[in-house]
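A.B. asks: take a look and give me a structure for this.
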Amino acid sequence: MTQSQANRRGGLKSGLLFLARRGVSRVRSFFGMPDLLARNLAACSLGAGSVLLPEAQIENFTGVRENVHIGEHSYIRGRLLNYAHGGRIHIGDWCYIGVRSEIWSMDSIEIGNRVLISHDVNIHDGSGHAIDAGLRHQHFRHIIEYGHPRSAEEIPGVRSAPIVIEDDVWISFGVTILRGVRIGAGSVIAAGAVVTSDVPPGVIYRNEIRPIMTKISKQTT
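C.D. replies: Modelled structure (predicted):
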């Protein structure tokens, strides 16, 4: 047995033990998704002691397992996606990715050790589509008719830049992190924040929110 096979078997065993502690019904649901589990395991490089929970989804369109690397003792409940023309996701040790969180890469997303990412977080290192409507439609048609483009030349107007999240960062729920951002070690990103520029180490980052209240009247109803 190779080390990679041993790590995957260890990840499966750890996942079953984790689910058993949470109730038999969860274990049954886990066994009810063997195809998804097999696809997830085949699509990533999984470190010893790491677990892909039932909610996890790995979509590695590059076809290279090492382009989605999960370190040791990490728990994944969200979706990790690499685009076909490129992308790399590297998650360190003792990390947590919450349910419904989406990490999509067409360039590079590096997540350090002991990083906690809550639920409903979006991390995207690319623009997804071009601003130009014609190019955007061509891209969409290509996906529908032929599958995801295999080279950057096939998707003009799409932009990307690496994202780096350093060690010991906590990202609270509902956060959006966009391309080209580096978040410094030990920082906390507050719930609902949108991050479009670098965050230094050791700070709490949040967006200013100004409530607007309008009195209800017959005119407004």
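
A.B. asks: for the rest of this, base every contact and every neighbour count on C-alpha atoms.
C.D. replies: Noted.

A.B. asks: the helices in this structure, which residues?
C.D. replies: Along the chain, counting by DSSP state H, helices occupy 3-22, 24-31, 34-42, 133-146.

A.B. asks: what's the least confident stretch among these?
C.D. replies: Between the helices of the chain, the one with the least mean pLDDT is helix 24-31; it has a mean of 42.

A.B. asks: what's the weakest-modelled helix or strand in the chain?
C.D. replies: In the chain, no helix or strand scores lower on mean pLDDT, DSSP states H and E than helix 24-31, which sits at a mean of 42.

A.B. asks: against residue 84, how distant is residue 158?
C.D. replies: 14 Å (CA to CA, to the nearest Å).

A.B. asks: same question, residue 152
C.D. replies: Distance of residue 152 to residue 84, given as CA to CA: 9 Å.

A.B. asks: what's across from the residue most central in space within the chain in the sheet?
C.D. replies: Nearest to the mean C-alpha position of the chain, counting by CA atoms, centre = their mean, stands residue 103 at 2.0 Å. Here residue 103 sits in beta bridges with residue 80, residue 123, as judged by DSSP bridges.

A.B. asks: that one touches residue 83, doesn't it?
C.D. replies: No. Contact criterion CA atoms under 8 Å: residue 103 and residue 83 do not qualify, at 11.1 Å.

A.B. asks: where does this structure have low pLDDT?
C.D. replies: Along the chain, segments meeting pLDDT under 70 span 1-34, 219-221.

A.B. asks: what do you get if the cut-off is 90, keeping everything else the same?
C.D. replies: 1-39, 84-86, 127-130, 132, 138-139, 142-143, 146-158, 208-211, 214-221 (pLDDT under 90).
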